[in-house]
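# Using only what follows, build the 3D model:
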Amino acid sequence: MVKSMFAAVAGLRAHQAKMDVIGNNIANVNTYGYKAARATFRDVFYATSSGAGNAGTVYGGTNPSQVGYGSKLGSIDSLMTSGGTATTDSPLDCMIVGNGFFLVGQMPEEAAGVREGIDVESGYEDDGSKKDNAKLGEVDQTKVSALSLTRVGIFNFDGDGNLVDSNGRLVYGFASEYKTDGGTDGKTAGYELNMNEITAIRLPNASTEAGTYEPMTLKKITVGQDGGITGTNDKGESILIAKIAIANVPNPNALERGENSYYTAKANTGTITVNPSGQNSTGEIQSGCLEMSNVDLSREFTDMITTERGFQANTRIITVTDSMLEELVNLKR
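Numbers count the residues shown, from 1 in each chain. As a prediction, this is how the structure comes out:
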């Protein structure tokens, strides 16, 4: 009889944990980029009073007799489906339509005015010819795992010219470099993207002194569908600042959640590749809008009702078991 008491307590704990998950989902229904979670139950171990028996020459087979010890929380899964679109008035707000995550992190090391980057396999040789058997977007997993991933694209340039998110973390992407020889197109001198590495994005250098950096003054800064960031200088010339990088995670459900809508890559996430927008199965960037939470309130309220009823049923088991124990004790009177 006491087994039912323990089973009910286990059920109460499991339902309370599921209610915690539901409560967090509803609390984040208006959180940009939030991905809903789902709690599932599993049964616990069983006490076997009699095992299964094979059929004999006289009698047939028998089935096992087992009593379970309640339920427990089986898993808490992240539902990584895309959320809706929330239009904003900021041209630097970005949303990924499809797969992928923005990469943000700390300020990289800098030497002689040049920031350290993370090498990316572009698939092309220096002369512009295609490489054989190159894995596009391949990066050092240790270095890219040190960065945080997010679906929240609330970006702006700070006073030092860095592209940062709302928490001050630097946004990573393919930076542009000024080519006096006209770059690979061989036509005119100008800014050209370095697709062989990613680093923290910042405005182009306006300083003519070697080894120093001074952010260039630009206006009308916009983000294109390909993630390219451009601005206009005082001469009215269009300046290519950088291209926002997108991390393609094979198993996004393995990402570990952190505070402020950040995710951390773990061993089970698979090999992460870094690509421009729309390449190698990554989504495209939509500027001027943000991704809404994918929480479905109708499903959450339905789950809340069934969870509440399940909790009540387990408390009823405790009440009835207690009454049965009371009746048993009163047999001596």
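
# Report the central residue of this structure.
With distances taken as CA atoms, centre = their mean, residue 263 lies nearest the centre of the chain, 4.8 Å away.

# Grab the nearest non-local neighbour of it.
residue 255 (3.9 Å; CB to CB, 6 or more residues apart in numbering). For the C-beta atoms, the positions are set from N, CA and C on the backbone; glycine is no exception.

# Tell me if I'm right that the one you found and residue 268 touch.
No - with contact defined as CB atoms under 8 Å, residue 255 and residue 268 do not form a contacting pair (9.2 Å).

# which of those two has more neighbours?
residue 255 (20 against 11; other CB atoms under 10 Å).

# residues in contact with that one?
78, 149, 249, 263, 264, 265, 266, 269 (CB atoms under 8 Å, 6 or more residues apart in numbering).

# For those, name the two members farthest from one another.
78 and 265 (13.7 Å; CB to CB).

# So for the two, which residue has more residues nearby?
residue 265 (23 against 16).

# who's in contact with the residue nearest to that one when sequence neighbours are not counted?
Leaving aside its sequence neighbours, residue 265 sits nearest to residue 145 (CB to CB, 6+ apart; 4.5 Å). The contact partners of residue 145, taken as CB under 8 Å, 6+ apart, are 264, 265, 272.

# now residue 264
145, 148, 149, 255, 256, 258.

# Can you read off the pLDDT for it?
Here, the pLDDT recorded for residue 264 equals 95.

# try residue 161
pLDDT, residue 161: 94.

# what about residue 326, helix or strand, and which?
helix 297-329 (DSSP states H and E).

# if I look at residue 123, how far off is residue 147?
22 Å (CB to CB, to the nearest Å).

# quick one, which of the two is more surrounded?
Using other CB under 10 Å, the more surrounded residue of residue 123 and residue 147 is residue 147, with 26 against 17.

# what separates the more buried one from residue 7, distance-wise?
45 Å.

# And residue 87, by the same measure?
51 Å.

# higher neighbour count, those two?
Higher neighbour count among residue 87 and residue 7: residue 7, with 21 against 10, using other CB under 10 Å.

# Give me the below-cutoff pLDDT ranges for the stretch 151-300 of the chain.
181-188 (pLDDT under 70).

# now the strands: where do they sit in it?
Assigned by DSSP state E, counting those that start in this stretch, the stretch 151-300 of the chain shows strands spanning 155-157, 163-165, 170-179, 190-193, 197-200, 219-223, 228-232, 238-244, 246-248, 256-257, 263-264, 273-275, 284-287, 289-291.

# And the longest one, what's buried?
Just to be clear, that refers to strand 170-179. Within strand 170-179, the residues scored as buried using 16 or more other CB atoms under 10 Å are 170, 171, 172, 173, 174, 175, 176.

# is it possible to export those residues to a markdown table including distance to residue 65?
Listed next are those as a markdown table, based on distance: CB to CB, whole Å:
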| residue | distance to residue 65 |
| --- | --- |
| 170 | 63 |
| 171 | 61 |
| 172 | 60 |
| 173 | 63 |
| 174 | 65 |
| 175 | 69 |
| 176 | 73 |
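
# Out of the residues you listed, which is nearest to residue 305?
Distances from residue 305 to those, taken by CB to CB, are shortest for residue 171, at 41.7 Å.

# roughly how far apart are the residue nearest to residue 257 when sequence neighbours are not counted and residue 326?
Leaving out its chain neighbours, the residue that sits closest to residue 257 by CB to CB, 6+ apart is residue 263, at 6.2 Å. Remark: distance between residue 263 and residue 326 (CB to CB) = 52 Å.

# sorry, back to before: now for the helix holding residue 326, which elements pack on it?
helix 2-27 (3 or more CB pairs under 8 Å, 6 or more residues apart in numbering; DSSP states H and E).

# how near is the residue nearest to residue 258 when sequence neighbours are not counted to residue 131?
Closest residue in space to residue 258, ignoring its immediate chain neighbours: residue 264 at 5.7 Å, by CB to CB, 6+ apart. Counting by CB to CB, the gap from residue 264 to residue 131 is 31 Å.
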